[in-house]
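sharing a model that was predicted from the sequence below.
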Amino acid sequence: MISTKGRYAIRFMIDLAEQSADTPVPLDETAARQDISKKYLELIVKILVKGKFVKGTSGKGGGYRLLRKPEEYTIGEILELTEGALTTVACLGADADQCPRKSICKTLPMWKKFDNMVHDYFFNITLADLVNGTFI
C-alpha cells in the first residue's frame, strides 16, 4: 500500500512543477494549495531534499524548487524515495534474507511478475505526464 507520505510527495512535486521554475515556492503556500499539514509536508520535503529531488532556500523569498525538469522525474523514483522498495512480499525486498523455500515456491513467479508490472507502471509515468494531464 502506498501511504500518504508517497502520495503527498507526488502532490508536492506536481505543485512545484506547476509554479515558475525560477522562483522558490514557499512551503506554506504549497501546503495550503494541496491541503496538507505544513508540519507533515516538512517531513516529506526533508526526504526529497536529502534525495536531491528538490532544493530549499531559506530567508525572504525562500522556498523549494525542483532540481530537474518535470519530465526527468518518474513517479516510481519519487515513490521509492519516500516509501522504500515497492515490493509486494518481503522475500523480494533488496534487504531480504535468502528464502529457504525459493527453489520450491510456487507463488514466487507470480509475485515477481506482479512486482515487475508495478515497477514498470510507475517508472513509465513522469511528473510532467501528471502535470500536463497526458497520462491516461
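Ah, there it is.

please make it C-alpha for all contacts and neighbour counts, starting now.
Noted.

residue 74 reaches residue 123, doesn't it?
Yes - taking Cα atoms under 8 Å as the definition, residue 74 is a contact partner of residue 123 at 5.4 Å.

packing partners for the host helix or strand of residue 29?
Assigned by DSSP states H and E, residue 29 falls within helix 27-34. When contacts are defined as 3 or more Cα pairs under 8 Å, 6 or more residues apart in numbering; DSSP states H and E, helix 27-34 sits against helix 4-18, helix 38-50.

looking at these, which is closest to residue 66?
helix 4-18 (6.6 Å; Cα to Cα).

pull out the buried positions in that closest one.
Burial within helix 4-18, assessed by neighbour count using 16 or more other Cα atoms under 10 Å, is assigned to 5, 6, 8, 9, 10, 11, 12, 13, 14, 15, 16, 17.

most distant residue from the middle of the protein?
Each residue of the chain has a distance to the centre, and by Cα atoms, centre = their mean the biggest one is for residue 104: 34.6 Å.

just give me the neighbour total for residue 49.
Using other Cα atoms under 10 Å, residue 49 has 16 neighbouring residues.

between the helix holding residue 29 and helix 38-50, how many degrees?
110 degrees (axes from the mean of the first three to the mean of the last three Cα atoms, to 10 degrees).

angle of helix 27-34 against helix 4-18?
Computed by the same axes, to 10 degrees, the angle between helix 27-34 and helix 4-18 is 100 degrees.

so what touches helix 27-34?
Contacts to helix 27-34, defined as Cα atoms under 8 Å, 6 or more residues apart in numbering, come from residues 11, 12, 15, 16, 37, 38, 41, 42, 63, 64.

hmm, 7 Å instead?
The list of residues contacting helix 27-34 from outside it, by Cα atoms under 7 Å, 6 or more residues apart in numbering, reads 12, 15, 37, 38, 41, 63.

how distant is it from the center of its chain?
18 Å (Cα atoms, centre = their mean, to the nearest Å).
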